[in-house]
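> Let's see this in three dimensions:
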Amino acid sequence: QVQVEESGGGLVQPGGSLRLACAASGNFFRVYAMEWYRQAPGKQRELVALITFGGITNYGESVKGRFTISRDNDKNTMYLQMNGLKPEDTAVYYCRADIARAQDSGSRDYWGQGTQVTVSS
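Now for the predicted structure:
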């Protein structure tokens, strides 16, 4: 069984920082690309940032220069350092991981349950 779980959400004041983590656990061969998404009330889910197994990154326009994505392949964990938070960053943040169960098998996406980030004074 494979699980993906987010942590680190919470309430923070505007201008503050939070660090989210997404850990993959269970029986699998490798975690390939990992991504952070977010969904605010009444809005569509949007891509925040992604990172490949080799460390190539990409960011949504609204978070460039403020958020930093990283990963530790030995721990099968991805991080999102969020600085300069704004009220419009308030959302549920989800992790998606592309995971192969075996070396000779294809991969599929696994989603976490989400973690709430609220930016408010």
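> Could you use CA atoms for every contact and neighbour count after this?
Will do.
> Strands of this structure, residue ranges please.
For the chain, applying DSSP state E gives strands covering 2-7, 10-12, 18-26, 30-39, 46-51, 57-59, 67-72, 77-82, 91-100, 107-111, 115-119.
> tell me the most buried of these?
Neighbour counts (mean count of other C-alpha atoms under 10 Å) averaged over each of those peak at strand 91-100, with a mean of 23.
> So for residue 91, what's the nearest residue that isn't a sequence neighbour?
residue 40 (4.2 Å; C-alpha to C-alpha, 6 or more residues apart in numbering).
> thinking the one you found is in contact with residue 94, fair?
No. In this structure, residue 40 is not within contact of residue 94 by C-alpha atoms under 8 Å, at 11.2 Å.
> got a list of what the closest residue to residue 79 other than its chain neighbours touches?
Nearest residue to residue 79, sequence neighbours excluded (C-alpha to C-alpha, 6+ apart): residue 21, at 4.4 Å. Contacts for residue 21 (C-alpha atoms under 8 Å, 6 or more residues apart in numbering) come out as 6-8, 77-80.
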